[in-house]
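K.L.:
sequence and predicted structure, then a few things I'm wondering about:
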Amino acid sequence: MDEQSAGTQVDAGGTQPGTAQHSDEDPFAPEVVATAADVPPEALSPLLILDVVERFLDAHGIGTGPVTAARIGDGHSNVTFRVTRDGADVVLRRGPRPPLPRSAHDMVREARIQQALAGNGVPVPRILAVCDDPDLLGVPFYVMDHLDGDVITDVEPQRIQTPQARRAVAMNMVDTLVSLHRIDVSAPPVADIGRPSGYLDRQVATFRRLWDVNTQRSVPDVVRVADLLAADVPRTQRHAVVHGDYRLGNLMITGSGDPEVKAILDWEMATLGDPLADVGYLLANYSEAGSPDSALDLSPVTRRDGYPSAAELAQRYAEASGLDLSDLGWYRALANWKSAVFCEAMYTRYLAGERPGDDFAPQLEVGVPELAKRALEALGHG
């Protein structure tokens, strides 16, 4: 659950070389420094070291001269910076500060997935360079083209503030997902993204184990949902690329003309598997007018007049894909339950003092049980 950017126009000013930007988590821990020597004693490691980034860009022929950088987005996980210099306007994406959970925040894999999908017509940013050496910035990272457009979460650009435009955005979001799910996953390089057979069973088993690792409290409904999901796994109708975090806030919408998806962002969770897992997650994240608040209300604008209902989105997907959505409740439950497990990890890290200044994690004390309750309701056990 990570957001590349939020708000209206995706743009950011620069930070002059030598000027430190400080972390929201710790005001004494600079996010961006000119050199490693500028890090205060006992401070957390910076997220960006400008002279290191400058040398990396030089080595890959990406612009010339001093670099400026500014953080964009408000993700709770991975971090993105807009980096500019003469002849270059790019985005650098990296994981959070170590230590990192095993197999999480794999920026090298995320970059490779986008490179594989770009050749199949999927709207993704162009990857310019990938760094698999954690010694440069503490974690691997990659650099991609900066794109101008709108990422919609809790604020809409003025041109989309009509019922017609809102409906167009939502329906194009579904159509783009259908197109992604039509890609042939049998041939490399797409076939190398994951192992589709047994995807749903592995998801249930993996996240059940993660719950035991992530939690320090008892939430019986989470365990109950795990049992119910495992007992009634649907038959996968076809294999497809599964984005894993497909929602409005992870899409860039064109900044002019008809509102359409310009790019799909945040591919960390992508793999091959059952496409209806994406549909269930999209609808579990989709806020409707009159629906209760949730930790998954990441794009609350969809409560506004003009956005179609979740049922309309499901119908649109079913008609365009030809897939049977009669088990959609199971997939929505899976999405809520997995999100509960993810959120519990954030909450546990917060309790351990590893997320200082985080104003989202405290909400998860009740947010995680509420997600489990939603999962039960989706399964008809509310």
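P.N.:
Here it is on my side, so go on.
K.L.:
any buried residues in the top helix by length along the chain, and which?
P.N.:
Taking DSSP state H as the criterion, the chain has its longest helix at helix 328-351. By neighbour count with 16 or more other CB atoms under 10 Å, helix 328-351 contains the buried residues 328-348, 350. To be clear about C-beta, it is placed using only N, CA and C from the backbone, and glycine gets the same treatment.
K.L.:
quick check: mean pLDDT of that helix?
P.N.:
Average pLDDT, helix 328-351: 95.
K.L.:
tell me what that helix is packed against?
P.N.:
For helix 328-351, the elements it packs on are helix 199-214, helix 220-231, helix 276-285, helix 364-378, judged by 3 or more CB pairs under 8 Å, 6 or more residues apart in numbering; DSSP states H and E.
K.L.:
and that helix, C-alpha only, in CSV?
P.N.:
Taking Å, rounded to 0.1, in the frame of the first residue of the first chain, the C-alpha atoms of helix 328-351 are listed here in CSV:
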residue,chain,number,x,y,z
LEU,A,328,-16.4,-11.7,-6.0
GLY,A,329,-17.2,-11.7,-2.3
TRP,A,330,-14.4,-14.1,-1.7
TYR,A,331,-11.9,-11.9,-3.6
ARG,A,332,-13.1,-8.8,-1.7
ALA,A,333,-12.7,-10.6,1.6
LEU,A,334,-9.2,-11.7,0.5
ALA,A,335,-8.3,-8.0,-0.2
ASN,A,336,-9.6,-6.7,3.2
TRP,A,337,-7.9,-9.6,5.0
LYS,A,338,-4.5,-9.1,3.3
SER,A,339,-4.7,-5.4,4.0
ALA,A,340,-5.4,-6.1,7.7
VAL,A,341,-2.2,-8.2,7.8
PHE,A,342,-0.2,-5.5,6.0
CYS,A,343,-1.6,-2.8,8.3
GLU,A,344,-0.9,-4.9,11.4
ALA,A,345,2.8,-4.9,10.5
MET,A,346,2.7,-1.1,10.4
TYR,A,347,0.9,-1.0,13.7
THR,A,348,3.4,-3.3,15.4
ARG,A,349,6.4,-1.3,14.1
TYR,A,350,4.7,1.8,15.4
LEU,A,351,4.3,0.3,18.9
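K.L.:
between that helix and helix 220-231, how many degrees?
P.N.:
140 degrees (axes from the mean of the first three to the mean of the last three CA atoms, to 10 degrees).
K.L.:
relative to helix 199-214, how tilted is helix 328-351?
P.N.:
20 degrees.
K.L.:
how far away from the center of its chain is helix 328-351?
P.N.:
14 Å (CA atoms, centre = their mean, to the nearest Å).
K.L.:
can you offset everything so residue one is 695?
P.N.:
Understood, numbering begins at 695; the last thing we discussed is helix 1022-1045.
K.L.:
the helices and strands packed on helix 1022-1045 into JSON lines, with extra columns for distance to Ala885, mean neighbour count and mean pLDDT?
P.N.:
Below are those laid out as JSON lines (distance: least, CB to CB, whole Å; neighbours: other CB atoms under 10 Å; pLDDT from 0 to 100):
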{"stretch": "helix 893-908", "distance to Ala885": "14", "mean neighbour count": "16", "mean pLDDT": "96"}
{"stretch": "helix 914-925", "distance to Ala885": "27", "mean neighbour count": "17", "mean pLDDT": "98"}
{"stretch": "helix 970-979", "distance to Ala885": "18", "mean neighbour count": "25", "mean pLDDT": "96"}
{"stretch": "helix 1058-1072", "distance to Ala885": "32", "mean neighbour count": "21", "mean pLDDT": "96"}
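K.L.:
any regions of the stretch 845-994 of the chain where pLDDT drops low?
P.N.:
For the stretch 845-994 of the chain, not a single residue meets the criterion pLDDT under 70.
K.L.:
mind listing the strands for it?
P.N.:
934-936, 945-947, 955-958, 965-967 (DSSP state E, counting those that start in this stretch).
K.L.:
picking that back up, relative to Pro851, which of the helices and strands packed on helix 1022-1045 is closest?
P.N.:
helix 970-979 (20.5 Å; CB to CB).
K.L.:
check which helices and strands whichever helix or strand comes after that closest one sits against.
P.N.:
Note on helix 970-979: by DSSP states H and E, the next helix or strand toward the C-terminus is helix 1004-1015. Judged by 3+ CB pairs under 8 Å, 6+ apart, helix 1004-1015 is in contact with helix 857-875, helix 970-979.
K.L.:
and helix 1004-1015, C-alpha only, in CSV?
P.N.:
Output in CSV follows, covering the C-alpha atoms of helix 1004-1015 (Å, rounded to 0.1, in the frame of the first residue of the first chain):
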residue,chain,number,x,y,z
ALA,A,1004,-18.7,-0.5,-7.0
ALA,A,1005,-21.4,-2.8,-8.5
GLU,A,1006,-21.3,-0.8,-11.7
LEU,A,1007,-17.5,-1.2,-11.8
ALA,A,1008,-17.8,-4.9,-11.3
GLN,A,1009,-20.4,-5.1,-14.1
ARG,A,1010,-18.2,-3.2,-16.4
TYR,A,1011,-15.2,-5.5,-15.7
ALA,A,1012,-17.4,-8.7,-16.1
GLU,A,1013,-18.8,-7.5,-19.5
ALA,A,1014,-15.4,-6.5,-20.9
SER,A,1015,-13.4,-9.4,-19.6
